[in-house]
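J.: generate coordinates for the sequence data below:
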Amino acid sequence: MLDLVAKKLFLTKGKGVHEDRLTSFEYALRDAGIAGTNLVLISSIFPPNAKLISRNEGLKQIKPGQILFTIYSKNQTNEPQRLCSASVGIARPKDTNRYGYLSEYESFGQNEQQSGDYAEDIAAQMLASSLGIPFDIDKSWDEKRQQWTISGQIYKTQNVTQSTKGDKDGKWTTVFAAAVLLV
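T.: You can find the predicted model right below:
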């Protein structure tokens with residue numbers, strides 16, 4: 001049986017602008033450093049005992065043409081000056097033998113901080129519910145974070161987010177954020 005549980009993962013992001021929508025996406029992948037690979041979109045689990053490594057370290061471990069399992073978010077616009085963002089949130093449990101969660105989130109009109117915070121919130125809510133930690137969905141992020149901290153079961157949340165305004169001349173603008181899993 002083939003064991004494809006990732007041992008490492010890294011975060012990356014990028015943006016691209018071009019007259020053509022697909023080429024704009026390609027440029028965002030180039031900016032993220034993973035354009036020469038084949039991306040496979042997977043669901044959102046942070047594997048047990050996986051190590052989060054730096055982008056630079058991760059990029060050194062991939063080869064052109066490699067199949068990369070990714071959790072990614074992308075957003076695109078051709079509306080001049082329209083703010084768009086793409087974010088991947090992460091929530092890891094204190095017990096590294098358990099799995100954590102990643103979340104994908106795209107938005108218009110939110111800056112990098114707002115989009116990133118929301119993506120973290122989504123991942124943390126999924127982790128909290130899987131750990132049986134009660135939370136009130138209507139509470140603010142800070143109140144929920146305090147609740148989860150008190151429980152002692154959520155180790156860390158973070159995000160990778162790319163945001164930008166649409167090209168002033170109406171060219172396609174793509175934002176991209178990803179967690180790349182290395183088997």
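
J.: on the three-state scheme, residue 31 is what?
T.: When classified by DSSP: H, G, I helix; E, B strand; the rest coil, residue 31 comes out as helix.

J.: typo on my end, it should be residue 121
T.: When states are read from three-state DSSP, the local structure at residue 121 comes out as helix.

J.: now the end-to-end length of stretch 49-69.
T.: With C-alpha to C-alpha, to the nearest Å as the measure, stretch 49-69 spans 17 Å from end to end.

J.: need the helices for this protein, in chain order.
T.: Assigned by DSSP state H, the helices in the chain fall at 21-32, 55-60, 112-131, 141-151.

J.: for the third one, packing partners?
T.: Other helices and strands packing on helix 112-131, by 3 or more C-beta pairs under 8 Å, 6 or more residues apart in numbering; DSSP states H and E, are strand 83-93, strand 100-108, helix 141-151, strand 154-165. C-betas here are computed from N, CA, C, even on glycine.

J.: and these, which one's lowest on average pLDDT?
T.: Per-stretch averages of pLDDT across the helices and strands packed on helix 112-131 put helix 141-151 at the bottom, with a mean of 58.

J.: spatially central residue for this protein, please.
T.: residue 88 (1.9 Å; C-alpha atoms, centre = their mean).

J.: surely it is in contact with residue 179?
T.: Yes - contact criterion C-beta atoms under 8 Å: residue 88 and residue 179 qualify, at 5.2 Å.

J.: mutual contacts of these two, please.
T.: Taking C-beta atoms under 8 Å, 6 or more residues apart in numbering as the contact rule, the neighbours common to residue 88 and residue 179 are 11, 71, 72, 102, 160.

J.: who wins for neighbours among those?
T.: With neighbours taken as other C-beta atoms under 10 Å, the top of those is residue 102, carrying 30 neighbours.

J.: got a list of what the residue nearest to the centre of the chain touches?
T.: When the contact criterion is C-beta under 8 Å, 6+ apart, the partners of residue 88 are 11, 71-73, 102-105, 119, 159-161, 177-179.

J.: before we move on, back to that, of all the shared contacts of residue 88 and residue 179, which comes closest to residue 42?
T.: Minimum separation from residue 42 among these (C-beta to C-beta) is found for residue 71, which lies at 6.3 Å.

J.: tally of neighbours for residue 46?
T.: Using other C-beta under 10 Å as the criterion, residue 46 is surrounded by 23 other residues.
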